[in-house]
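K.L.:
model this:
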Amino acid sequence: MNNKAKKIMNEQENIVKETIAGYCRFQQDRIHQIPGTQVLVRNELDAGKVGIVMGYGAGHEPDAIGYMGKNYMDAQAIGGLFAAPGPQPIYEALKAADSGAGALILISNCAGDVLNAKMALEMCEDDDINAKGILLGGTNVADPYTGRRMDRRMGVALFETKMICGYAGLGHTLEEIVKFGDFVIDNVRAITIGIRPGTSPSTGDLMYELSDDELTLGAGGHGEAGAENIPMCSARKLAEHVLEMIIKDKPFVPGDELSFIVNGTGGTTMMELLIFYNDVWNILEEKGFKVFKPIVGTLSTIQESSGIVLDVCRMASDEMKETWLLPTDATAFPVLRK
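P.N.:
Residues are numbered from 1 along each chain as shown. Model (predicted):
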């Protein structure tokens, strides 16, 4: 029996190019691709608003390609499969997103993303483009805490991206958005839970090894093995275990108003996600927390891996609530009603 994964695709070298082409056709009334690049830009930018950009490797769809829209991202530079885009496409995206108030790059906490974003920002400075960056990270509680954001990975990061983009949509300056973004990140904690590894589209091989009777905590967004393996258990026990880790880390205290995201990593059924979502909600209320507008779905994937990413956010200000609920036409973000 062949253990290689079956995937519906054409030549391996064209995976990313054809993914982009398909999405641009799907959303041709809303976004376009800069010719000769893997940079996507909204067709209608808001004049005078700070442009928000993300550089991201392919392979996590709908993340981040599905989060372009009003009150969300204005442009994206897409890299290779699980690989950061280079400095030039990030620069092109920042330049394209700047409609007069500057541009901001949201930086994934991976070495290549950080290095290339830094170089792109230096290119912007050389060309008098007002651009800054925010490092997304420091939230994954499976990683040791050092006090430095760069030493911890991130969760699904949708609280961070949605609120930062929404704050820009409300008309704030570049400097104000950076300050708000740091505040939001400080109020988020997350953990990744691996159930079954996905496979690489380029090789068909499993991304990591995991026995049938175990879960792994802290699995990486590119298929890296987790920091700790635990015995397979019920959804309720799993939710109790990871919430204890998250609550103690911040710490969150009873009476705090918390929202959360239950994200499936590609091969997790909606049935499983909803059961876990319900358990998380129940446990938080039992512990004395207020629950504010949590979401659930397959929002950011690691190919067909089975797993969950749980992000928890303390709604520490009215601005956080407002930006979380701000309407967007981004195709991948669930509709939230006030």
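
K.L.:
only C-alpha atoms for contact and neighbour calcs from this point on.
P.N.:
Noted.

K.L.:
the stretch 1-150 of the chain: strands as residue ranges?
P.N.:
31-33, 39-42, 51-58, 75-81, 103-108, 131-136 (DSSP state E, counting those that start in this stretch).

K.L.:
wait, I meant the stretch 201-338 of the chain
P.N.:
With DSSP E, counting those that start in this stretch as the criterion, the stretch 201-338 of the chain has strands spanning 214-217, 228-231, 257-264, 290-291, 295-297, 306-314.

K.L.:
reformat those as JSON lines; add mean pLDDT and distance to D63.
P.N.:
Listed next are those as JSON lines, based on pLDDT from 0 to 100; distance: least, C-alpha to C-alpha, whole Å:
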{"stretch": "strand 214-217", "mean pLDDT": "93", "distance to D63": "21"}
{"stretch": "strand 228-231", "mean pLDDT": "93", "distance to D63": "26"}
{"stretch": "strand 257-264", "mean pLDDT": "98", "distance to D63": "11"}
{"stretch": "strand 290-291", "mean pLDDT": "98", "distance to D63": "25"}
{"stretch": "strand 295-297", "mean pLDDT": "98", "distance to D63": "12"}
{"stretch": "strand 306-314", "mean pLDDT": "96", "distance to D63": "13"}
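
K.L.:
pick the most buried one from those.
P.N.:
Mean neighbours per residue, mean count of other C-alpha atoms under 10 Å, is largest over the strands of the stretch 201-338 of the chain for strand 306-314, with a mean of 26.

K.L.:
low-confidence ranges in the stretch 151-300 of the chain?
P.N.:
For the stretch 151-300 of the chain, the stretches flagged by pLDDT under 70 are 223, 225.

K.L.:
F180 falls within a helix, correct?
P.N.:
Yes. Checked against DSSP: H, G, I helix; E, B strand; the rest coil, F180 lies within a helix.

K.L.:
mind listing what the closest residue in space to it that isn't next to it in sequence touches?
P.N.:
Sequence neighbours aside, I164 is the residue nearest to F180 in space, at 7.1 Å (criterion: C-alpha to C-alpha, 6 or more residues apart in numbering). Residues in contact with I164 (C-alpha atoms under 8 Å, 6 or more residues apart in numbering) are 177, 180-181, 323.

K.L.:
dump the host helix or strand of I164 to CSV, restricted to CA.
P.N.:
In the assignment (DSSP states H and E), I164 maps to helix 158-169. Provided in CSV are the C-alpha atoms of helix 158-169 (Å, rounded to 0.1, in the frame of the first residue of the first chain):
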residue,chain,number,x,y,z
LEU,A,158,-6.9,36.3,13.7
PHE,A,159,-7.6,38.4,16.8
GLU,A,160,-4.4,40.3,16.0
THR,A,161,-4.9,40.8,12.3
LYS,A,162,-8.6,41.5,12.5
MET,A,163,-8.3,44.1,15.2
ILE,A,164,-5.2,45.8,13.8
CYS,A,165,-6.8,46.0,10.3
GLY,A,166,-10.1,47.2,11.8
TYR,A,167,-8.3,50.0,13.7
ALA,A,168,-6.8,51.1,10.5
GLY,A,169,-10.2,51.1,8.9
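
K.L.:
for it, buried residues please.
P.N.:
Residues 158-169 are the ones in helix 158-169 that count as buried (16 or more other C-alpha atoms under 10 Å).

K.L.:
before we move on, what about stretch 6-21?
P.N.:
Buried, per 16+ other C-alpha under 10 Å, within stretch 6-21: 15-16, 20.

K.L.:
avg pLDDT for it?
P.N.:
For stretch 6-21, the mean per-residue pLDDT is 93.

K.L.:
so how far is M154 from the nearest residue to S305 once chain neighbours are set aside?
P.N.:
Spatial nearest neighbour of S305, chain neighbours left out: G198 (3.7 Å); criterion: C-alpha to C-alpha, 6+ apart. Distance of G198 to M154, given as C-alpha to C-alpha, to the nearest Å: 19 Å.

K.L.:
that older thread, and of the buried residues of helix 158-169, the nearest to E286?
P.N.:
F159 (23.4 Å; C-alpha to C-alpha).

K.L.:
now that closest one: how far from T146?
P.N.:
Taken as C-alpha to C-alpha, the span from F159 to T146 is 22 Å.

K.L.:
kindly report the same for E18.
P.N.:
41 Å.

K.L.:
kindly report the same for E125.
P.N.:
31 Å.

K.L.:
swap in L94?
P.N.:
The gap separating L94 from T146 is 31 Å, by C-alpha to C-alpha.

K.L.:
please say which of those two ends up with more neighbours.
P.N.:
Between L94 and T146, counting by other C-alpha atoms under 10 Å, L94 is the more crowded of the two (33 against 10).

K.L.:
need the pLDDT of the closest residue to that one other than its chain neighbours.
P.N.:
Nearest residue to L94 in three dimensions, chain neighbours excluded: A103, at 5.8 Å (C-alpha to C-alpha, 6+ apart). pLDDT, A103: 98.
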